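[1] With the sequence up front, the predicted model follows.
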Amino acid sequence: MSPNVSPKGRKFIYGHEGVVLKAYRDVVGVWTIGPGLTAASGVITPKAGMTITSEKCDELFDLAVARNYLPRVVKALGANVSPYAIDAGVSFDWNTGAILRASWVKSFLAGKKEEARQRLGLWNKAGGKVLRGLTRRRGEEANILLLGKYPADIEAASTTIADTARFAVFVVSATTPEIEEVRTGLTNIGFDAGTVTGKILRSAVEGFQKTYNLTIDGKIGRATLSTLQRELDARRKAKSGAVTTTASTTVAAGDQAVSTVTTPAPADPTSVVPDHMASWIGGGIAIIAVAYLAWQAYQYRDIIAVRVANKAPRLANWLRSF
C-alpha cells in the first residue's frame with residue numbers, strides 16, 4: 001500500500017495551518033485559501049471573494065500532498081517508514097518545504113531518536129526569531145515521528161455549548177499564552193475581548209470580522225489571525241518614523257506571529273554631513289520616503305480599505321479586490 005497522510009495527520013496539519021473557506025490575505029498579503037494554499041501550491045489560484053466547500057478543501061489538500069509534499073517525504077524517508085513518520089514528515093515539509101535538506105532526517109534514519117528530536121527542534125524560527133508556535137509544532141511532530149503520539153486536542157476535542165455562545169472558538173491549535181496574545185491584540189485596536197484568561201469574547205471577534213470583511217462566525221482561524229497581525233503590523237510601520245522608541249503587541253497562534261522588537265528610530269543622515277550636501281541628501285531621502293509610503297500603502301491596501309469604508313465604500317471595495 002502506498003504511503004499517505006492519515007486522517008489524524010490531516011487533522012494535525014489542519015490544526016496548525018487552519019482551514020479557511022473564503023480567500024484571505026496572509027500576513028504578507030498573499031491571497032490564501034483552505035489549509036494555507038496559495039497560487040504557489042499549483043492546485044488553486046486564490047482570488048478576492050473566492051470561496052470553497054469543506055469537501056473541496058480536502059480535495060485540494062490531497063492534491064497538494066500528492067503533487068508537492070508526499071514525493072519529497074518518500075524520497076527523504078523512504079516508502080517503508082511508519083505512517084507516523086509520513087504524517088510528521090508531510091507536516092514538517094508543508095510548513096518548511098525543507099525535508100530534503102533537514103539534518104533530522106539523517107538522524108532519524110540512523111535510529112538516533114534523541115538527536116533527531118533535537119535537530120527537528122531547531123526548525124523553530126521565522127525571520128531569524130524563535131516562535132513559540134513553531135517550537136510547539138516541532139515538539140509535536142517529534143512525538144508523532146518517534147512515539148506515534150498525537151497531541152491531545154487531535155485525539156479528542158470538545159467545546160461546551162455554553163462556552164461557544166459567549167466566547168470565540170479557536171479553530172487552529174493555540175496554547176493559553178498564545179490566546180492571551182491574541183486577546184491583547186484585539187483589545188489594543190479597540191475591541192473588548194474580555195478579561196477571562198484563555199478566552200476571548202465572541203462579540204469582539206465577530207465585531208473584528210465584520211469590520212475587516214471576514215466571514216462573521218465567531219471562530220478564530222488563520223484568516224482572522226492573519227488579518228489581526230496585518231493590522232498590528234500596519235500600525236507599527238505607520239509609527240516607525242517616530243523619534244521615540246516604539247513597541248507593539250506580539251500576536252501568535254499556531255505557527256505564525258507578528259513579533260516586533262522595541263528599537264529606536266534611525267538618526268537623520270543629514271545631521272552628520274556637510275550643509276551643502278544635506279539638501280541633496282534630504283531631497284533624495286524625501287523621494288525614497290514617498291516611494292516607501294506608496295509601497296506600504298499598496299502592501300496594506302486591505303487595511304486602508306477598513307479606514308475608508310464608511311466614507312468611500314466603492315474605494316474600499318476596489319482596494320479589497322486585488
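    Arrived safely. Numbers count the residues shown, from 1 in each chain.
[2] C-alpha from now on. contacts and neighbour counts both.
    OK.
[3] And the helix or strand where V205 lies, what does it pack against?
    In the assignment (DSSP states H and E), V205 maps to helix 202-211. Counting contacts by 3 or more CA pairs under 8 Å, 6 or more residues apart in numbering; DSSP states H and E, helix 202-211 is packed against helix 161-166, strand 219-220.
[4] Of all these, which one is nearest F12?
    Nearest to F12 among these is strand 219-220 (16.7 Å), distances taken as CA to CA.
[5] By mean pLDDT, flag the weakest helix or strand of the chain.
    Ranked by mean pLDDT, DSSP states H and E, the weakest helix or strand in the chain is strand 256-258, scoring a mean of 39.
[6] how far is the helix holding V205 from where the chain is centred?
    19 Å (CA atoms, centre = their mean, to the nearest Å).
[7] which parts of that helix are buried?
    R202, S203, A204, V205, E206, F208, Q209 (16 or more other CA atoms under 10 Å).
[8] Would you mark the buried spots in the one helix or strand D233 maps to?
    Using DSSP H and E, D233 sits in helix 222-239. Neighbour-count burial for helix 222-239, counted by 16+ other CA under 10 Å, picks out 222-234, 236.
[9] name the helices or strands packed onto it?
    strand 20-25, helix 176-188, strand 256-258, helix 301-308.
[10] hmm, try it at 7 Å
    strand 20-25 (3 or more CA pairs under 7 Å, 6 or more residues apart in numbering; DSSP states H and E).
[11] Contacts for the strand it packs on next, please.
    31-35, 46-53, 222-223 (CA atoms under 7 Å, 6 or more residues apart in numbering).
[12] Output whatever helix or strand comes next after that strand as PDB, nothing but the C-alphas.
    Stepping forward along the backbone from strand 20-25, the first helix or strand reached (DSSP H and E) is strand 31-34. Presented in PDB, the C-alpha positions along strand 31-34 are these (Å, rounded to 0.1, in the frame of the first residue of the first chain):
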ATOM      1  CA  TRP A  31      -4.100  35.600  -1.300                       C
ATOM      2  CA  THR A  32      -4.600  32.300   0.500                       C
ATOM      3  CA  ILE A  33      -7.400  29.700   1.000                       C
ATOM      4  CA  GLY A  34      -8.000  26.400   2.600                       C
END
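[13] can you pull out the strands in the chain?
    Counting by DSSP state E, the chain has strands at residues 20-25, 31-34, 125-126, 129-130, 169-170, 219-220, 251-253, 256-258.
[14] now for the second one, which elements pack on it?
    What that stands for is strand 31-34. On a contact count with 3+ CA pairs under 7 Å, 6+ apart, strand 31-34 meets strand 20-25.
[15] got the angle between the strand it packs on and helix 222-239?
    If you take axes from the mean of the first three to the mean of the last three CA atoms, to 10 degrees, strand 20-25 sits at 20 degrees to helix 222-239.
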